[in-house]
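> the sequence and its predicted three-dimensional model are supplied below.
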Amino acid sequence: MHSEPSVFRINQTGYAAGLPVTAAVLGNGPVILKNAEGETVRSISYDTPRTDPASADAVTLVDLGILAEGNYTLECGNTSRRLTVCPAPWNAVTHALIKGLYYQRCGCGLQPEHAGVYAHPPCHTAPARDWEDQSVSRRITGGWHDAGDYGKYVAPGAVTVAHLLYAWKLFPPGCSEDLNIPETGNGVPDILNEARFELEWILQMQRSDGSFHHKLTKSHFAAFIMPQNDLDQEYLMPVCWCATADAAACLALAYRVYRSFDEPFANRMLLSAEHAWAWLTAHPDLVPFTNPEGVRTGWYRGENDKSNRFWAACELYAATGSDLYRKAAENLYAAGQSLTQFGWSDVGGLGALCCLFDLKEEAGEVLYGRLKNDFLRQSEESLALSRASGYGTSLAPNRYIWGSILPVMSHAMAMIMNTLLTGRQEMRDAALLQWHYALGMNALDLCFVTGFGEHTVRNPHHRPSGADGIEAPVPGLISGGPNKCFCYPQTREKLGPDTPPAKYFLDETPSADTNEIAIYWNSPAVFVGAYFNMPV
Ligand SMILES: [Zn+2]
């Protein structure tokens, strides 16, 4: 009875005792759930399945309710699938997603005692040249490789760090275990040790006038080689408004987090953040970043810096209590902010996190009272999207973009924040469906995190995973997932025009458009995982 393809789509890393268990079932029921003794625990029949608009699957979400710890079997017709319920099923994957960032470390070697078979010698250690004045060289160390490539970009890095720091501030029991990284055991939680590795790099990206360079990359992407073999000249690319604002925000946030662990480090970050803000104030008119002629690495072009400045003003107000920053944040808020966006292109949601969970009433009527109402209204959209999907996935069919995992995880973050503010269980349960999506309850029957799940991503677009000669990819990296909005001609050729958006995916190394990894896709998943990894 196990030979036919399963009709069940489940969270392949298991389910938590105390939280509702949901599985997606293709076709017609009924569904029988049996325990390890073979006794029927639930028998569920349901109406004709509806067609999921994003995948074209006829699918039903079956709510199995709260289940006791144990091993179970789902049965439907001739097919079955095993699922487990245990107290902390997502502890390993949540911490692996943090450790995934360790494997992205640049400038240092990864040692076998921490990285196992994925160890490699130091990479990118030569001084970087300033693109605009190539007679100037600077030695800049550390930072994470951004994604499948070896570039390092300030705005994506700042956003990644912020996700980690808020995960730790809000859900410390869910993300504070040791990771077996070089700093383990130094008295600081490893999630903060790992974030510091990027913060130290961000600090070095500041110019003496307070602005931040947009990125540190070569002029072109490397071939699929190991990082230590990537020896072409790296350049400090021109400064950028969005990067400067995001760095200011992230460093001001980090000041508050690290103050009790290392005050001089924290003070250095606050000084840097205020210097960046002064530069922004002196340069009110945005110039969007443009790749200089001859440069072909990641663009990360921000079309405006409204949300970036808003987030920075919120964090600087939280760090200093200065009315100057509160007024700036209020003015930027009045210009309109999207409060459920957490990615590099719009960071309004990070400002909302600061106001709603750090500043709270202290933020005043505009930044707490009004903002909270606006946030609650905006986050309803995430719930509505989840309800419109056959798999409960909070994503419209036409929003399967490059890195679609980011909006899915962002919507989960918004729904978790809503739950924290309102206690609404339906919001929590919908957020949980996004976590299930990432871990296998999706139209591809695929766990998007490398190293986890029965059917998992094997060939991510990630240079070390492609070049290290080891069959299994570097673990703990989340794939960007299906993308039908902007993809390569070769992807379109393979998948054809009729493949539905939620299945527009190739587990193939060249497919950066569907199967790349990125630090800022791992980090919102850490936030979501940390929340659900807390004791119920
Ligand atoms: Zn490197």
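Structure's in. What do you need?

> make it CA atoms for all contacts and neighbour counts henceforth
OK.

> from His120, how far off is whichever residue of the stretch 51-200 of the chain sits closest to the ion?
Evaluated by Cα to the ion, the stretch 51-200 of the chain has Cys106 as its residue closest to the ion, separated by 3.6 Å. Counting by Cα to Cα, to the nearest Å, the gap between Cys106 and His120 amounts to 11 Å.

> so which of those two has more stuff around it?
With other Cα atoms under 10 Å as the criterion, Cys106 and His120 differ in neighbour count, and Cys106 comes out ahead with 26 against 19.

> quick one: pLDDT of that one?
For Cys106, the model assigns a pLDDT of 98.

> surely it touches Pro121?
No. Taking Cα atoms under 8 Å as the contact criterion, Cys106 and Pro121 are not neighbours in contact, 10.1 Å apart.

> Met413: which element?
With elements delineated by DSSP states H and E, Met413 resides in helix 405-422, which encompasses its position.

> report the rounded mean pLDDT for that helix.
Mean pLDDT, computed over helix 405-422, is 98.

> swap in stretch 153-165?
Model confidence over stretch 153-165 averages 98 on the pLDDT scale.

> is that stretch positioned near the ion?
No. If you take Cα under 5 Å from the ion as the test, stretch 153-165 misses the ion, and the best it gets is 12.5 Å.

> the residue in the stretch 301-450 of the chain that the ion sits nearest to: what's it in contact with?
For the stretch 301-450 of the chain and the ion, the shortest gap (Cα to the ion) falls at Thr450, measuring 20.7 Å. The contact partners of Thr450, taken as Cα atoms under 8 Å, 6 or more residues apart in numbering, are Thr456, Val457, Arg458, Pro473, Val474, Pro475, Gly476, Leu477, Ile478, Ser479.

> can you tell me which of those residues is nearest Pro127?
Using Cα to Cα, the shortest approach to Pro127 within the contacts of Thr450 belongs to Val474, at 27.5 Å.

> list the contacts of the closest one.
Taking Cα under 8 Å, 6+ apart as the definition of contact, the neighbours of Val474 are Gly100, Tyr103, Tyr118, Thr450, Gly451, Pro464, Ser465.

> SS state for it?
Val474 falls in the coil class when you classify it by DSSP: H, G, I helix; E, B strand; the rest coil.

> what separates it from Asn180, distance-wise?
From Val474 across to Asn180, the span is 15 Å (Cα to Cα).

> Ile191 reaches Leu164, doesn't it?
Yes. Ile191 is within contact range of Leu164, at 7.0 Å (criterion: Cα under 8 Å).

> circling back to that earlier point, who wins on neighbours among the contacts of Thr450?
The member of the contacts of Thr450 that has the most neighbours, counting by other Cα under 10 Å, is Leu477 with 32 neighbours.

> thinking that residue is in contact with Ile517, fair?
Yes. Taking Cα under 8 Å as the contact criterion, Leu477 and Ile517 are neighbours in contact, 6.3 Å apart.

> the protein: strands as residue ranges?
In the chain, the strands defined using DSSP state E lie at 8-9, 15-16, 21-26, 31-35, 40-44, 50-51, 58-65, 70-76, 79-86, 128-130, 137-138, 152-153, 215-217, 235-236.

> which of the ones you listed sits closest to Ala249?
When these are compared (using Cα to Cα), the closest one is strand 152-153, at 15.3 Å.

> which strands or helices does the closest one pack on?
The helices and strands touching strand 152-153, judged by 3 or more Cα pairs under 8 Å, 6 or more residues apart in numbering; DSSP states H and E, are strand 215-217.

> recalculate using a threshold of 10 Å.
Using 3 or more Cα pairs under 10 Å, 6 or more residues apart in numbering; DSSP states H and E as the contact criterion, the secondary-structure elements in contact with strand 152-153 are helix 190-204, strand 215-217.
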